[in-house]
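1. Quick one: sequence and predicted model below, then my questions.
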Amino acid sequence: MRRVTGNPPLLADLMPWSVAPLRLGRAWVMGPDAASLRRRWDRLMAAEGAGRAALFRPSRARTPHIAVPQLPGQRTSTVPLAVEDGRCPEPVRVAHGPFDRLWLIPDHRLIDAARPELWRVADAHQVFAVETGAATGGDGGGSPAPGLSFSALLPDGHAPAGRAGRIRPLYRRPGGREPNLAPGLLDLLGRESGRLVTAEEVLAWIAAVAGPTRGAPGCAVPLTADPGMWESGVALGRRVLWLYTRGHGGERPRLPGGRRPYVRAALPARPLPGDLAYDPEERMLRMGTGRIGPVAHDAWEVHASGARVLETWFERRTRPAEPDTLEAIGPPGWPQEWTSELLELITVVTLLAELAPRRRELVERLAAGPRLSASELRAAGVLPVPHRARQPASVLDHHEEGPGGQFALL
C-alpha cells in the first residue's frame, strides 16, 4: 500500500483560477424579490439631480456620472445614470452566501466590482465552488466542507462572517470548455483509477472530501489512490452538488412523503424580525402564528459561520431598512414565492445534514487508505501550477459594448 508523506493538495492549486467576491457598493441593487428591485429603479429614475445622487449612494468606484461597459451577456444602457430615463434592466437570480438566492439588477453602472470575468463564463454548463474563508458546517454539520459551497447560479461570494473568500468556476470558458483544473491532474487521476476521469467527477470528489487546512485559510483536498474509494466519493459528491445547486439540470430535491415540509398553519401577512422559532417536540418551524412542518432538528441546526441558516434566511427578509432609502422599498407583505423558497431551503439543508455522517465515514476511510500527497503531484509535474492557469482565459468571440454605446477595447 502506498505510504503517504506530506500534506494533501490545496483546492487553490487543484482549481487554480479564482475570482474575488462581488463588491456591490450599495445594498439596494440586490434583494429577495425582483418586483421590489424594479420599484427601486423607478424611484431612482423619478428623482433628479442631487436627489438622484443621494438615492444612488455614490462611492469612489461608482457615481451617477460614471460611464462603464455593459456586463457580459447583459443588454443594458451604458449612458451615465445621471441622464438615464429607461426601464429597469431585468433582474437576474444570483447565489448569496452558501444557501440563499437573491435577485440582482445586472447593471454595471450600479455595482462597484461586478467581476465581468465571472459573467463571461456563467452559463448552463457552469458550476462554481465558493470559498467563504469561514466554516459553514457549524453545530449541526450538514455542510460538505468547512468554508466551501457550490452554485450553478452566478455567486456573489458573500461570506456570512464577513470574511472574503474566492469564487472558483469549474470551467474557464463558456460551454463547459477548458476545466479550471491544474494541468495534468485529470491524466494523473485517470492513471490512478484506471479509466477516464472528468472535470465534473473531480468537482464531485472535492464536494465530498474537502476540509480545512491546518492553521491556514482555505481548503485541503485529500486525493485517494484507491479506485473503489474514488467511485464512492464521486457518487457522494454528486449528491452534494445536486443539493447545493437545487437539482441543476434535473429533478429538484424533494423529501419523501411523510417527511416533506408544508404549511400547517397560515403564515402571517407581515412577519416581524424575531418571529422565527423552532419547536423540537413538534418538529415544527414557527413563524408568528404560522407553522411549517415537519422540520428535522438537524436541519434547524445547520449553521453558516456561526448562525443558523434558516434564521439568517428569515432575517434577510424581515429586518427593517433605513427609512427614505431605496433599500426600504420592499414587498407590501410576505410573498407566496418566499414560502416556496423556504420549503425548498428546508428540504436542501435536511438532506445535506443527512449526508454528514456518510461524509465523515468517507474521510475516515480516506485517512486510512492510499492517498496522493502534494509532493506526489509535484513529482508528477501537476504542481506547481503554471501562472497562466491562475489567470482568466480569453473567452471573447464577440464585441462587448463599452460606455456610450462604443465597442469595448479588449
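-> Done, it's in.
2. Phi and psi next, for Met229.
-> Here the main-chain torsion angles of Met229 (degrees, to the nearest 10) amount to phi -70, psi -40.
3. and it, how far is that from Arg360?
-> Counting by C-beta to C-beta, to the nearest Å, the separation of Met229 from Arg360 is 14 Å. For the C-beta atoms, the positions are set from N, CA and C on the backbone; glycine is no exception.
4. Buried residues of the helix or strand bottoming out on mean pLDDT in the chain, list them for me.
-> Taking mean pLDDT, DSSP states H and E as the measure, the helix or strand of the chain with the lowest value is strand 216-220, at a mean of 81. By neighbour count with 16 or more other C-beta atoms under 10 Å, strand 216-220 contains the buried residues 218-220.
5. go on, stretch 110-122?
-> The neighbour-count check on stretch 110-122 (16+ other C-beta under 10 Å) flags 110-111, 114-122 as buried.
6. Return the residues in contact with Leu24.
-> 30, 110-112, 156 (C-beta atoms under 8 Å, 6 or more residues apart in numbering).
7. just Arg177 next, same as before
-> With contacts defined as C-beta under 8 Å, 6+ apart, the neighbours of Arg177 are Tyr171.
8. cutoff 6 Å now
-> Arg177 makes contact with no residue under the criterion C-beta atoms under 6 Å, 6 or more residues apart in numbering.
9. picking up where we left off before, can you put the buried residues of strand 216-220 in CSV and add distance to Ala235?
-> Below are the buried residues of strand 216-220 laid out as CSV (distance: C-beta to C-beta, whole Å):
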residue, distance to Ala235
Gly218, 25
Cys219, 20
Ala220, 21
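10. pretty sure Trp205 is in contact with Ala235, am I right?
-> No: with contact defined as C-beta atoms under 6 Å, Trp205 and Ala235 do not form a contacting pair (10.0 Å).
11. higher neighbour count, these two?
-> Between Trp205 and Ala235, Trp205 has the larger neighbour count (other C-beta atoms under 10 Å), namely 26 against 14.
12. Quick check: pLDDT value at the more buried one.
-> Residue-level confidence at Trp205 comes out at 98, pLDDT.
13. cool, Pro212 as well?
-> We have a pLDDT of 87 for Pro212.
14. Could you check the helix or strand that contains it and say which residues are buried?
-> Here Pro212 is covered by strand 211-213, with elements defined by DSSP states H and E. Residues of strand 211-213 classed as buried under the neighbour-count rule (16+ other C-beta under 10 Å) are 211-213.
15. can you pull out the helices in the stretch 51-200 of the chain?
-> 116-121, 185-193, 199-209 (DSSP state H, counting those that start in this stretch).
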